[in-house]
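Asker: Generate a structure from the sequence data that follows.
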Amino acid sequence: MSMPTSSAAPLGPRINWRELFRRVGWLETVGIVGVLLITLLAFAAPWITPFDPQLRVAEAFLPPTSAHWFGTDEIGRDLFSRVVLGVQYTWLPGLAVIVFSLIVGAVIGTIAGAAGGVVDLVIQRIIELFLVLPSTLIALAVVAALGPGLLNTMIAIAIFWWPWYARICRDEIRRLKSRPHVEAARVAGVRGPRLLLRYLLPGAVPSLLVAATLDVANIIMTMSLMSFLGLGQPAPAPELGAMTSRALDSLTVYWWLPILPAVLIFLMCILANLAGDGIRAALRGA
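Answerer: The predicted structure follows:
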């Protein structure tokens, strides 16, 4: 009589959703939901704006009304439509910089942590060189040299953002190399890329993910600063930082022109920080 076959083992640990939601507070949950909604809004912005953000649709300097929720600007363009499209110009490039820096930093940090020796020493010195430089000032100089533009701004920020992730990944890889499950894998004959991709890098992912989510607000603020200084996408592109900068002279008279774009930048940063705290709490002890 043949023995009954056992059921296949699960591919990974089961997620305790009740414990997960207990660790993440309601405020952090609001942040995570808010970040998801902002991302959806950024992708859908060109199709949900009530007016063409580039065309004059009413008299200039109209205050917020039921027809124009955020009023109109100095030309007569609908400010709500421009602010909604401005989310796309600010939020999506910020996420792109995070993803690019995360990938580059993870690759370089993994190489340093796994190789050790001279390779690790050289990469560490390069990382430290980038970290001690005044990154914001040099990023401003890079954009000024390349010329204003959204792509140039993204390049300038990404150049100085990846070392943080490289250091985190390198430290995590070195810590994981001495863990029992990695030693057992080595004894079992696991070597090279398989050891790296299956046993080392997955252990560094939670720390990288938390760092990346907490960095979203910093990226948004840095990109908005570049735009505020006139180093972002040239006019008439509706970048939130540039819209705030151009309307500062109207603050005491037409307050909605600089205030509403600035409030949206503030709201995006707050939600991003709350979401980062929520993800950190969710991964705690995972």
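
Asker: Quickly find the element holding residue 119.
Answerer: helix 117-132 (DSSP states H and E).

Asker: how distant is that helix from the center of its chain?
Answerer: Centroid separation for helix 117-132 versus its chain: 24 Å, with Cα atoms, centre = their mean, to the nearest Å.

Asker: Pull out the buried residues from that helix.
Answerer: By 16 or more other Cβ atoms under 10 Å, the buried positions in helix 117-132 come out as 120, 123, 127, 130. C-beta coordinates here come from the backbone N, C-alpha and C atoms, glycine included.

Asker: which non-adjacent residue is nearest the last one?
Answerer: Closest residue to residue 130 apart from its sequence neighbours, by Cβ to Cβ, 6 or more residues apart in numbering: residue 163 at 4.2 Å.

Asker: these two touch, right, the one you found and residue 124?
Answerer: No: Residue 163 is beyond contact range of residue 124, at 10.2 Å (criterion: Cβ atoms under 8 Å).

Asker: Longest helix in this structure, please.
Answerer: Taking DSSP state H as the criterion, the chain has its longest helix at helix 79-115.

Asker: Pull the contacting residues for residue 267.
Answerer: Residue 267 is in contact with residue 34, counting by Cβ atoms under 8 Å, 6 or more residues apart in numbering.

Asker: Give me the residue at the spatial middle of this protein.
Answerer: Nearest residue to the geometric centre of the chain (Cα atoms, centre = their mean): residue 216, 3.4 Å.

Asker: where do the helices sit along this structure?
Answerer: 17-23, 26-48, 79-115, 117-132, 135-146, 150-159, 162-176, 180-187, 192-195, 201-228, 240-246, 256-283.

Asker: so for the fourth one, what's the average pLDDT?
Answerer: Helix 117-132 carries an average pLDDT of 89.

Asker: Next, format the helices of the chain as JSON lines and append distance to residue 64.
Answerer: Shown next, in JSON lines, are the helices of the chain (distance: least, Cβ to Cβ, whole Å):
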{"stretch": "helix 17-23", "distance to residue 64": "37"}
{"stretch": "helix 26-48", "distance to residue 64": "18"}
{"stretch": "helix 79-115", "distance to residue 64": "8"}
{"stretch": "helix 117-132", "distance to residue 64": "44"}
{"stretch": "helix 135-146", "distance to residue 64": "33"}
{"stretch": "helix 150-159", "distance to residue 64": "28"}
{"stretch": "helix 162-176", "distance to residue 64": "40"}
{"stretch": "helix 180-187", "distance to residue 64": "59"}
{"stretch": "helix 192-195", "distance to residue 64": "57"}
{"stretch": "helix 201-228", "distance to residue 64": "22"}
{"stretch": "helix 240-246", "distance to residue 64": "15"}
{"stretch": "helix 256-283", "distance to residue 64": "6"}
